[in-house]
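Asker: Dropping a prediction and its sequence here:
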Amino acid sequence: MYIAGYVAHRFRNTHSHLGVPTKTLPDLPTNWLSSISRGNCIYPSTDFLNATDIMNREFENFHGNFFNRESNIFDKLTDIVCTKLNNFPKNVIACLVRTRTYIRLREFNKKIVENNSLKKKANKMYRICNKKY
């Protein structure tokens, strides 16, 4: 939902049907977005939320647990999603795909940093414990 709200916010001037500002909602739904919003977040429309769910399913099918190693993954995944969603512009779908890809990349980079830190600590402990005097 947060990604959909971000993309709706990016395209709020050209595609206003993607969502509405939270300050104009009559009754706020009880979810995370409405609790952090001070009125400037964009609450995505139900059609756009459904489109985001479809994009996420196609993203998981396309990439699996890691990343697809082909070239032009943004364009290929955007084309796959656009064939299933005809009522949204291609640049909006491309922004969804890009944002989701960068979020997964950030996740993997955090895991790599954490693993490197653990290896470094283990190596340091090994050196301390096996030091010869």
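Answerer: Happy to help now that I have it.

Asker: Which secondary structure element of the protein has the lowest mean pLDDT?
Answerer: Lowest on mean pLDDT, DSSP states H and E among the helices and strands of the chain sits helix 32-36, with a mean of 59.

Asker: Show me what the host helix or strand of Arg104 is packed against.
Answerer: Counting by DSSP states H and E, the element that carries Arg104 is helix 90-129. With contacts taken as 3 or more Cβ pairs under 8 Å, 6 or more residues apart in numbering; DSSP states H and E, helix 90-129 sits against helix 2-10, helix 46-63, helix 73-84. Glycine gets a C-beta too; all of them are placed from N, C-alpha and C.

Asker: which of those is buried the deepest?
Answerer: Comparing these on average neighbours per residue, with mean count of other Cβ atoms under 10 Å, the densest one is helix 2-10 at a mean of 20.

Asker: Residues touching that helix, excluding its own?
Answerer: With Cβ atoms under 8 Å, 6 or more residues apart in numbering as the contact definition, helix 2-10 has outside contacts at 15, 18-19, 32-33, 41-45, 48-49, 51-52, 92, 95-96, 99-100, 103.

Asker: ok, now stretch 122-133?
Answerer: Contacts made with stretch 122-133 from outside it, assessed by Cβ under 8 Å, 6+ apart, are absent: no residue qualifies.

Asker: okay, and for this protein, where does confidence drop off?
Answerer: Judged by pLDDT under 70, the chain has its weakly predicted residues at 1, 26-40, 131-133.

Asker: contacting residues for the residue most central in space within the chain?
Answerer: By Cα atoms, centre = their mean, the mean C-alpha position of the chain lies nearest to Arg100, the distance being 3.1 Å. Contact analysis of Arg100 by Cβ under 8 Å, 6+ apart lists Ile3, Met55, Asn56, Phe59.
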